[in-house]
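Peer 1: Show me the folded form of this:
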Amino acid sequence: TMAMATAAASLLLALTAASAHSALLRRACAPRAQPWILRSPARAAPLACAPADDVVGADVAPEELSNEALVRIVRLETTDEETNELAWRCLGYTKREDGTWDASKAFAKFREKYPQPPDLVGVTRVYSKEVDEPVLRANQALHRSIPMAYKQSLKTYLKPLGFTGFKLADLTPNKTRRAQVTNWLLYYREALHRRSLADLKRERDQRRAGEEAAGEKVSPTGTTKQSVL
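Peer 2: This next block holds a predicted model:
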């Protein structure tokens, strides 16, 4: 009887240990909550299990792309350099310790055209053709990459913060370009940031198939041909 009691007790201890171990494994393997996934209900949730190198903008904090942060660009509360650098990082360029920029992880189309990140706003404020033409073309390329569904993002997201646009009489090339860069950053935040690159390429291919089926009805801007991917 004593031997049977001892065996039963040993079996109970073994079962308890196994159950506890199983619970620990379940907790360790369960996906962890990521608050930034909930930031924008309209956008698809990123893949939490995607490798870091396959996630767009893994090193760009959500706070840097908040409405409150981005409205500062169009209010001229950021420097031209700060504005450029945020856009460059979102495009995938990475800053080295010596201050130079690495394009190896930048979006393919932009990297091919710009092996080094281009000035997007005009830091020199010199508007002669030989100085300003590259800035203008780079800004236009960025703006053309925004799909039509996101072209009104300034109004959608920044108007509630009091930004209603610039008066025509007060417009300058720098203000216009800041607005266009901000519009792209809002699109990036809503559609690209912290998304799996594989998923984005799959969605791009689906859009391209739809555009080809539409033929001449496709808009001349914001299509997959102008995309940064």
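Peer 1: what's around Ala106, how many residues?
Peer 2: 23 (other Cβ atoms under 10 Å). In this view, the C-beta of every residue, glycine as well, is placed from N, C-alpha and C.
Peer 1: Quick check, pLDDT for it.
Peer 2: Note on Ala106: pLDDT of 94.
Peer 1: What of Lys217?
Peer 2: Predicted confidence (pLDDT) for Lys217: 57.
Peer 1: same check, this time on the one 3 residues further on
Peer 2: Model confidence at Pro220, expressed as pLDDT, equals 61.
Peer 1: now swap in Ala213 and tell me
Peer 2: 83.
Peer 1: swap in Ala198?
Peer 2: The pLDDT attached to Ala198 in the predicted structure is 89.
Peer 1: That one: which element?
Peer 2: helix 197-214 (DSSP states H and E).
Peer 1: That helix: which residues count as buried?
Peer 2: Across helix 197-214, burial judged by 16 or more other Cβ atoms under 10 Å covers 197, 199-200.
Peer 1: show me what contacts Asp132?
Peer 2: 122, 126, 173 (Cβ atoms under 8 Å, 6 or more residues apart in numbering).
Peer 1: Looks to me like it is in a helix.
Peer 2: Yes. Under DSSP: H, G, I helix; E, B strand; the rest coil, Asp132 sits within a helix.
Peer 1: so how far is Arg207 from it?
Peer 2: 32 Å (Cβ to Cβ, to the nearest Å).
Peer 1: the strands in the chain, which residues?
Peer 2: 94-95, 101-102 (DSSP state E).
Peer 1: Save these as TSV, and put in mean neighbour count too.
Peer 2: TSV is the format used below for the strands of the chain (neighbours: other Cβ atoms under 10 Å):
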stretch	mean neighbour count
strand 94-95	14
strand 101-102	14
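Peer 1: okay, these in a markdown table with mean pLDDT and distance to Val60 next?
Peer 2: As requested, the strands of the chain are exported to a markdown table (pLDDT from 0 to 100; distance: least, Cβ to Cβ, whole Å):
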| stretch | mean pLDDT | distance to Val60 |
| --- | --- | --- |
| strand 94-95 | 96 | 11 |
| strand 101-102 | 96 | 15 |
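Peer 1: In a markdown table: these, plus distance to Ala213.
Peer 2: Shown next, in a markdown table, are these (distance: least, Cβ to Cβ, whole Å):
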| stretch | distance to Ala213 |
| --- | --- |
| strand 94-95 | 37 |
| strand 101-102 | 38 |
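Peer 1: Would you point out which residue is most central in this protein?
Peer 2: Per Cα atoms, centre = their mean, the C-alpha nearest to the average position across the chain is that of His193, at 2.5 Å.
Peer 1: List the residues that contact that one.
Peer 2: Counting by Cβ under 8 Å, 6+ apart, His193 has contacts 56-57, 60, 62, 65, 90.
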